[in-house]
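Asker: Sequence and computational prediction follow.
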Amino acid sequence: MEIEVMVADESHAKFAQEICDEVYISAQERGTGIAKRTPEYVIEKMKAGKAVIAIAEDGRFAGFSYIETWGGKQYVANSGLIVAHPFRGVGLAKRIKEQIFLLSRRKFPQAKIFSITTGAAVMKMNYELGFRPVPFSELTNDPEFWKGCQGCRNFQILEKNSYRMCLCTGLLYDPKEHIAINRMEVRIAQ
């Protein structure tokens with residue numbers, strides 16, 4: 001089955017609740033924390049052209065990720081990467097990750113891009129794109145970003161450690177450390 005990965009737009013709003021449900025269920029299955037997002041938040045990202053969605057040829061939602069800027073657009077977070085259960089194990093997460101990374105670079109070419117995760121697969125994908133593990137002190141110090149972690153089951157750990165460490169690993173891509181970017185293309189829905 002063909003799956004198209006593209007920049008999401010308003011026409012994809014119908015998948016917002018399903019995306020939120022999939023993120024929540026997956027976090028429960030893995031026993032890890034997750035910053036909860038509302039369907040309204042997901043729709044806002046779609047309307048702003050700050051999300052990537054994967055749609056199967058039969059019209060089913062297959063995967064999603066979004067970006068958010070922090071610290072006066074000095075930082076871009078790649079967040080919410082999810083692949084729907086029926087589409088796992090076919091390399092879709094990597095395709096989505098590549099597209100959200102390219103969207104981040106296109107929209108905010110000078111920004112540092114970061115991701116926080118507990119997942120080894122996401123860490124590996126980030127590493128392959130040029131991210132490196134960093135302490136949280138190298139990520140945005142924007143308090144609004146860290147408020148997003150309040151819905152995570154591990155938030156007390158982060159708070160107890162004064163926002164310097166948690167169970168997640170911080171990963172950072174600094175464009176100043178990279179001379180060339182792979183020439184992959186971001187597809188825009190038409």
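Answerer: Right, received. Where do you want to start?

Asker: Tell me the secondary structure at V42.
Answerer: Following DSSP: H, G, I helix; E, B strand; the rest coil, we place V42 in the helix state.

Asker: didn't it look like it was pressed against C20?
Answerer: Yes: using Cβ atoms under 8 Å, V42 is in contact with C20, at 6.3 Å. Just so you know, the C-beta spots here come from the backbone N, C-alpha and C atoms, and that holds for glycine as well.

Asker: who has more neighbours, the two?
Answerer: V42 (25 against 20; other Cβ atoms under 10 Å).

Asker: secondary structure class for the closest residue to the more buried one other than its chain neighbours?
Answerer: Nearest residue to V42, sequence neighbours excluded (Cβ to Cβ, 6 or more residues apart in numbering): A16, at 4.3 Å. Assigned by three-state DSSP, the conformation of A16 is helix.

Asker: any idea how far A27 is from A16?
Answerer: Computed as Cβ to Cβ, to the nearest Å, the A16 to A27 distance reads 17 Å.

Asker: Of these two, which one has the most company?
Answerer: A16 (23 against 19).

Asker: The more buried one and K45 touch, don't they?
Answerer: No: with contact defined as Cβ under 8 Å, A16 does not reach K45; the gap is 9.3 Å.

Asker: what residue lies at the spatial centre of the protein?
Answerer: Note on the chain: the residue nearest the mean C-alpha position is S79, at 2.2 Å, using Cα atoms, centre = their mean.

Asker: how about the strands of the chain, start to end?
Answerer: Using DSSP state E, the strands assigned to the chain run over residues 3-7, 51-56, 61-70, 75-83, 112-117, 132-134, 169-173.

Asker: of all these, which lies closest to D142?
Answerer: Of all those, strand 61-70 sits nearest to D142, with 4.2 Å by Cβ to Cβ.

Asker: Give the other helices and strands that the closest one contacts.
Answerer: strand 3-7, helix 16-30, helix 39-47, strand 51-56, strand 75-83, helix 92-107, helix 143-147 (3 or more Cβ pairs under 8 Å, 6 or more residues apart in numbering; DSSP states H and E).

Asker: list the buried ones in the lowest-mean-pLDDT helix or strand in the chain?
Answerer: When each helix and strand of the chain is scored by mean pLDDT, DSSP states H and E, helix 143-147 comes last, with a mean of 85. Under the neighbour-count criterion of 16 or more other Cβ atoms under 10 Å, helix 143-147 has 145-146 buried.
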